[in-house]
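Asker: Dropping the sequence and predicted coords here.
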Amino acid sequence: MPQEQFSVKERNSVRTCEPRKYKVMFHNDDFTTMEFVMQVLKEIFYKSDVEAYNITMDVHKRGKGIAGIYVYDLAVTKRDRAVEMAREEGFPLKITVEPV
C-alpha cells in the first residue's frame, strides 16, 4: 500500500486589531432632572463638573448627549449601572449604547 504524504502549512503571523468602540448616549425626557443627570455623569462616568454640565446641556437642548466612548463591555456596564441608579430614584432615564 502506498503511503500518502501530507503537508501542513503553519501560519506564523497573528492579526490583532483594536476592539470596536461604542458611545453611551443619554436621551432627553420630561421627568429626569438635570441635577440627577449630572450626578450620574460624575459618579458613574467620572466626568468633571464642567464636563457633566456640558453633556447635560447637550441632552437638554439637542435631545441627546454622549456620556463617553468605550469598548462594548464597559459601555454596557456603565449604561446598566446608570439605568439602575435612575430606576432607584424613580426616573425614566433612557440611555443607549451605539457603535461609533
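Answerer: Received the coordinates, thanks.

Asker: buried stuff in the longest helix along the chain?
Answerer: In the chain, taking DSSP state H as the definition, the longest helix is helix 72-89. For helix 72-89, a neighbour-count test (16 or more other CB atoms under 10 Å) marks Leu74, Ala75, Lys78, Arg79, Ala82, Val83, Met85, Ala86 as buried. Yep, even glycine has a C-beta here, placed from its N, CA and C like the rest.

Asker: what's the offset of that helix from the middle of its chain?
Answerer: 9 Å (CA atoms, centre = their mean, to the nearest Å).

Asker: Determine the set of other helices and strands touching that helix.
Answerer: strand 21-27, helix 34-43, strand 64-71, strand 94-99 (3 or more CB pairs under 8 Å, 6 or more residues apart in numbering; DSSP states H and E).

Asker: Pipe the buried residues of helix 72-89 into TSV and attach distance to Arg62 and pLDDT per row.
Answerer: Shown next, in TSV, are the buried residues of helix 72-89 (distance: CB to CB, whole Å; pLDDT from 0 to 100):
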residue	distance to Arg62	pLDDT
Leu74	24	98
Ala75	20	98
Lys78	21	98
Arg79	19	98
Ala82	19	98
Val83	21	98
Met85	23	98
Ala86	20	98
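
Asker: Just send the residues you listed back as CSV, with distance to Tyr46 too.
Answerer: Shown next, in CSV, are those (distance: CB to CB, whole Å):
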residue, distance to Tyr46
Leu74, 12
Ala75, 14
Lys78, 10
Arg79, 15
Ala82, 12
Val83, 17
Met85, 14
Ala86, 17
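
Asker: quick one on the thing from earlier: tell me the angle of the longest helix of the chain relative to helix 34-43?
Answerer: If you take axes from the mean of the first three to the mean of the last three CA atoms, to 10 degrees, helix 72-89 sits at 140 degrees to helix 34-43.
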